[in-house]
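Engineer: Here is the input, now give the coordinates:
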Amino acid sequence: MTLRRVALAAAAVALWSLARAAFSAEYVETPMLKDDVEAGKLPPVSQRVPWAPLVVGLGGASTAPGRQGGTLNMLIGRARDVRMLVVYGYARLVGYDRSLAIVPDIVESFEVREGREFTFRLRKGHKWSDGHPFTAEDFRYYWEDVAGNRELSPTGPPRDLLVEGEAPQFEVLDLTTVRYTWSKPNPDFLANLAGASSLFIYRPAHYLRRFHKKYAKQVAEADAKGTAKRKWSQVHNRLDNLYQFDNPDLPTLQPWMNTTRPPADRFVALRNPFFHRVDANGRQLPYIDRVVLAVADSKLIPAKTGAGEADLQARELQFNNYTFLKQNEKRNNFRTLLWRTGTGSQFALYPNLNVNDPVWRKLLRDVRFRRALSLAIDRSLVNHVVYFGLGTEANNTVLPESPLFRERYQKRWATYDRKAANRLLDEIGLKRGGDGVRRLPDGRPLEIIVETAGEGTEQSDILELVRETWREVGIMLFTKPSQRENFRQRIFSGETVMSVWGGLENGIPTADMSPEMLAPTSQQQLQWPKFGQFVETGGKSGERVDIPEVRELARLLVTWYRSAERAERDQIWHRMLDIHAEQQFVIGVVCGVPQPVVVRNSLMNVPERGVYNWNPGAFFGMYRPDTFWFK
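Structural biologist: Got it, this is the predicted structure:
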């Protein structure tokens, strides 16, 4: 390093030190950590937070600066749901704010050029939960020694880091700056980093090196001699669980640290003393000291919540629990909020366009038949009988909270019209028999077996109402429940004619989020599983897309991925949404069904109104639970 660079570096450190000293005068030490600070076990808060922490603004209509302390009790249905601490904690390199804009979080800033070059600048002085510096080395370690190591990652870097099979060029520009560059745009890179189940492109290198044969001599020798009880790669992968959150020894950047090793029926998480967010009054977040996740049978969670065993609960609660919860509010000191759900449809019918039966395949691929099925559903009846009129009768499409929403996407072919449905069915040539039931082209009665995963009564209640109105247009409906695994395998193999599931997983997208859910990309897409499988496997299995409109969706998706212009991506989204509204590949019924959210009366800063959504949103994450506090 030249003398000039040394001088510049020294000057920079001096400036940062002055800025840090100036701000540290405003910090308020965390009561829970005060004894450890006085005993020298922890540095003071001014040395624990980054030099430029993320200052969270509070004091709006629904939030206010709070005080530190307290324990937040929640319920989970299985031990593996300890990962909800990562989902709810929602500390990401970049994350969604409440307006669905992607903003810096862990990083201090980021810069995007031509949609293909991404530069991230970290917060100087940021530390892992064990106090070790968080630097560019943690990104290098992941890229070279985890994603780039064939023993740890046999298939190479994750799919989300590839653009048409091309991996990025990764650069460390300095101790706190990294860059990723592709030759073509990667428009959903930031969205993947901001996701509920985030793309983690960094690791705590100082911890994991101890288990990597490249760095640990003892590990390398045991691997070479074959004396290790388990392969080093298995040990490393087992400990490297930033998302699963089941290794208490693994340093984290989340607001709370899991302290409980599974198996367990109660997980205790403590505040991260080096968390990077503070409020405007100089108090380090999170406000709440502890989060306790108690494991309970998922069927008992509504009853336990009503009995006051949770301070904040939405998981495993259904709309049909709302009345019971309201009845227990005063007795157990909580309030029950109703948030909107973020899926495209609470309940959707999936005609299987890859069904094996040739007669059914031809009929289901006729858009007139799918439109007739949609027109013959009395969505208002479903909404009022099952959801007390609190949902929205609509197609399976984006919600009003999305900037991509258009009313025509929601209403096209979705208004109950028995005459129009009959007209379409007559046009196809599906004649009625003496019993009033229409006949398939081969003479069989038009009887649709709708298969379900048999989970709860909501689906069967809705199908009973759909059965009534379909019968009026000459279509018989029968249901066939089965276990989820068998349910999916029958769809994948082409045995199922039609199935039921929720609608679009993300009903509140922006143009910068991938529209892959609208095109064949996965076998898990129940309307065209074999098309999705063909794409997923690179043509090795499944069926090549042979429906023009579906081919157009696939083409548009490729164009979206190659686009660096937001306006073009916006146009692509609208074209794809319009195709879906016209084609009715998935038949939505009701969306926006309220999600009960139980909140202890003393718990503050929880929004009265919100959107309960997996991605974007991370359920509670987008609303920053680190700012919730007890009065």
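Engineer: all contacts plus neighbour counts: C-alpha atoms, from now on.
Structural biologist: Noted.
Engineer: And the pLDDT for the residue with the largest distance to the centre of the chain?
Structural biologist: Seen from the C-alpha centroid of the chain, the residue lying at the greatest distance (C-alpha atoms, centre = their mean) is Gly434, 50.3 Å away. Residue-level confidence at Gly434 comes out at 95, pLDDT.
Engineer: what's the distance between it and Gly474?
Structural biologist: Distance of Gly434 to Gly474, computed by C-alpha to C-alpha, to the nearest Å: 11 Å.
Engineer: Touching whichever strand or helix holds Glu137 from outside, list them.
Structural biologist: In this assignment (DSSP states H and E), Glu137 forms part of helix 136-140. Here helix 136-140 makes contact (C-alpha atoms under 8 Å, 6 or more residues apart in numbering) with Leu122, Val172, Asp174, Leu175, Thr176, Thr177, Val178, Ile201, Tyr202, Arg203, Pro204, Ala205.
Engineer: residues making contact with the next helix or strand along the chain from that helix?
Structural biologist: Using DSSP H and E, the helix or strand that follows helix 136-140 in sequence is strand 169-174. The contact list for strand 169-174 (C-alpha under 8 Å, 6+ apart) reads Ala136, Arg140, Trp143, Val178, Arg179, Tyr180, Thr181, Trp182.
Engineer: hmm, which two among these are most spread apart?
Structural biologist: Largest separation among those by C-alpha to C-alpha: Ala136 and Trp182, giving 19.0 Å.
Engineer: The two: which has the busier surroundings?
Structural biologist: Taking Ala136 and Trp182 together and counting by other C-alpha atoms under 10 Å, Ala136 has the greater number of neighbours (21 against 18).
Engineer: how close does the more buried one get to Glu117?
Structural biologist: 17 Å.
Engineer: Give the helix, strand or coil label for the nearest residue to Thr336 once chain neighbours are set aside.
Structural biologist: Of all residues not flanking Thr336 in the chain, Val598 sits nearest, at 4.6 Å (C-alpha to C-alpha, 6 or more residues apart in numbering). Under DSSP: H, G, I helix; E, B strand; the rest coil, Val598 falls in the strand class.
Engineer: ok, Val598 to Ala310 distance?
Structural biologist: Distance from Val598 to Ala310, by C-alpha to C-alpha: 8 Å.
Engineer: Looking at the two, which is more packed in?
Structural biologist: Taking neighbours as other C-alpha under 10 Å, Val598 and Ala310 compare with Val598 leading, 26 against 23.
Engineer: wait, isn't the more buried one in contact with Trp339?
Structural biologist: No. Counting by C-alpha atoms under 8 Å, Val598 stays clear of Trp339, with 10.4 Å between them.
Engineer: Show me where the stretch 351-500 of the chain has its helices.
Structural biologist: Under the criterion DSSP state H, counting those that start in this stretch, helices of the stretch 351-500 of the chain are mapped to 358-364, 367-375, 379-387, 407-411, 418-428, 458-472, 484-493.
Engineer: Which one of those lies nearest to Pro154?
Structural biologist: Judging the helices of the stretch 351-500 of the chain by C-alpha to C-alpha, what sits closest to Pro154 is helix 484-493, at 26.7 Å.
Engineer: Residues in contact with that closest one: which ones?
Structural biologist: Applying C-alpha under 8 Å, 6+ apart, the contact partners of helix 484-493 are 352, 355, 451-454, 481, 496-497, 499, 523-524, 526, 529-530.
Engineer: just to revisit the earlier point, want to try CSV for the helices of the stretch 351-500 of the chain, with mean neighbour count and distance to Gln244 as columns?
Structural biologist: Conversion of the helices of the stretch 351-500 of the chain to CSV gives the following (neighbours: other C-alpha atoms under 10 Å; distance: least, C-alpha to C-alpha, whole Å):
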stretch, mean neighbour count, distance to Gln244
helix 358-364, 16, 40
helix 367-375, 23, 40
helix 379-387, 18, 34
helix 407-411, 18, 37
helix 418-428, 17, 48
helix 458-472, 17, 30
helix 484-493, 17, 23
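Engineer: Among those, which comes closest to Ala147?
Structural biologist: Across those, closest to Ala147 is helix 484-493 (C-alpha to C-alpha), at 30.9 Å.
Engineer: tell me the average confidence for the closest one?
Structural biologist: Taken as a whole, helix 484-493 has a mean pLDDT of 96.
Engineer: Do a quick rundown of the strands in the stretch 451-600 of the chain.
Structural biologist: 476-481, 498-501, 587-591, 594-600 (DSSP state E, counting those that start in this stretch).
Engineer: next one: the stretch 201-350 of the chain
Structural biologist: Going by DSSP E, counting those that start in this stretch, the stretch 201-350 of the chain shows strands at 256-258, 266-271, 277-279, 290-295, 312-313, 334-341, 347-351.
Engineer: Pretty sure Val82 sits against Phe245.
Structural biologist: Yes. Assessed by C-alpha under 8 Å, Val82 is found in contact with Phe245 at 6.6 Å.
Engineer: domains of this protein?
Structural biologist: 1-203+240-338+595-631, 347-591 (automatic domain parsing).
Engineer: Can you add distance to Ala228 and give the ones you listed back as a markdown table?
Structural biologist: Listed next are the domains of the chain as a markdown table, based on distance: least, C-alpha to C-alpha, whole Å:
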| stretch | distance to Ala228 |
| --- | --- |
| domain 1-203+240-338+595-631 | 15 |
| domain 347-591 | 35 |
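Engineer: hey, C-alpha coordinates of stretch 450-458 in PDB?
Structural biologist: The C-alpha trace of stretch 450-458 is given here as PDB (Å, rounded to 0.1, in the frame of the first residue of the first chain):
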ATOM      1  CA  VAL A 450     -62.100 -32.500  -8.100                       C
ATOM      2  CA  GLU A 451     -59.300 -33.800  -6.000                       C
ATOM      3  CA  THR A 452     -58.200 -32.200  -2.700                       C
ATOM      4  CA  ALA A 453     -55.500 -32.700  -0.100                       C
ATOM      5  CA  GLY A 454     -58.200 -33.200   2.500                       C
ATOM      6  CA  GLU A 455     -56.900 -30.400   4.800                       C
ATOM      7  CA  GLY A 456     -59.800 -28.800   6.700                       C
ATOM      8  CA  THR A 457     -63.400 -28.200   5.900                       C
ATOM      9  CA  GLU A 458     -63.100 -24.900   4.000                       C
END
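Engineer: Only the buried residues of it, if you could.
Structural biologist: Of the residues in stretch 450-458, Val450, Glu451, Thr452, Ala453, Gly454 count as buried by neighbour count, 16 or more other C-alpha atoms under 10 Å.
Engineer: From the residues you listed, pick the one nearest Val55.
Structural biologist: Val55 lies nearest to Ala453 out of these, by C-alpha to C-alpha, at 45.4 Å.
Engineer: Distance check, that closest one against Leu424.
Structural biologist: 30 Å.
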